[in-house]
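*Asks:* coordinates for the following, if possible.
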Amino acid sequence: EMINHALRWGRDRPRDDTAANAFFAALAHPCPEWFAGSRILWTPSARSPELRRAIAHVRVHLETASVETTARAANLSARTLRRRFRDELGLSWRDFIREVRMNRAMELLSREQLSVTQTAFAVGFNSISAFTVAFATRWSALAARYEAPTAAACRARPVTDIALWSALDRGEDPTTRTEP
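*Replies:* All right, here's what the predicted structure looks like:
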């Protein structure tokens, strides 16, 4: 969605366009980190209808999803589900559920601004310490620190810049807004 939004500015845009410059700076900031790892945020897609049902079930019931409930939703045995995940997706069930949970955790921490504890429970962890270890292993960063750079940057920006970023978040054209 952000890439599509960026297309509104052509190559001939004025170099002093503050909205465009801020937008592209924000878009570029996480790129080195995203591409440094072996994968970026993604959820595998399945060919078979059974695994498509399993993936859909996990997305809807992430907080409580287990191999048993997911197998029932896919009309498979737990053993067959595990085998099909490995054969069709190249991932074990455990790796798949961890990947989906970590992706959702990243989304919740960055968009919903939930606490680490709220996020851990929302993505199906029963232990904060297990969540913290899993998050740090996947993202090479502590969950508690993930939101800190964004929050600090917002506090450091003048009010007019916060209004600009808020307008961009809402999909508005900040260059046509008049500030109060």
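*Asks:* isn't A134 up against I97?
*Replies:* No. Judged on CB atoms under 8 Å, A134 makes no contact with I97 at a distance of 10.5 Å. Yep, even glycine has a C-beta here, placed from its N, CA and C like the rest.
*Asks:* what residue is smack in the middle of the protein?
*Replies:* Closest residue to the average C-alpha location of the chain: E107 at 3.6 Å, with CA atoms, centre = their mean.
*Asks:* any idea how far that one is from P30?
*Replies:* Distance, E107 to P30, using CB to CB, to the nearest Å: 13 Å.
*Asks:* can you give me the helices in the chain?
*Replies:* For the chain, the helices defined by DSSP state H occupy 2-6, 18-28, 31-36, 49-60, 67-74, 78-84, 93-107, 116-122, 128-139, 143-146, 148-156, 159-169.
*Asks:* quick check, S77 in contact with V67.
*Replies:* No. With contact defined as CB under 8 Å, S77 does not count as touching V67 (9.9 Å).
*Asks:* these two: which is more packed in?
*Replies:* A count of neighbours by other CB atoms under 10 Å puts V67 above the other of S77 and V67, at 18 against 13.
*Asks:* residues contacting the more buried one?
*Replies:* Neighbour list for V67: 78, 81-82, 93, 97 [criterion: CB atoms under 8 Å, 6 or more residues apart in numbering].
*Asks:* just H61 next, same as before
*Replies:* So H61 contacts T69 (CB under 8 Å, 6+ apart).
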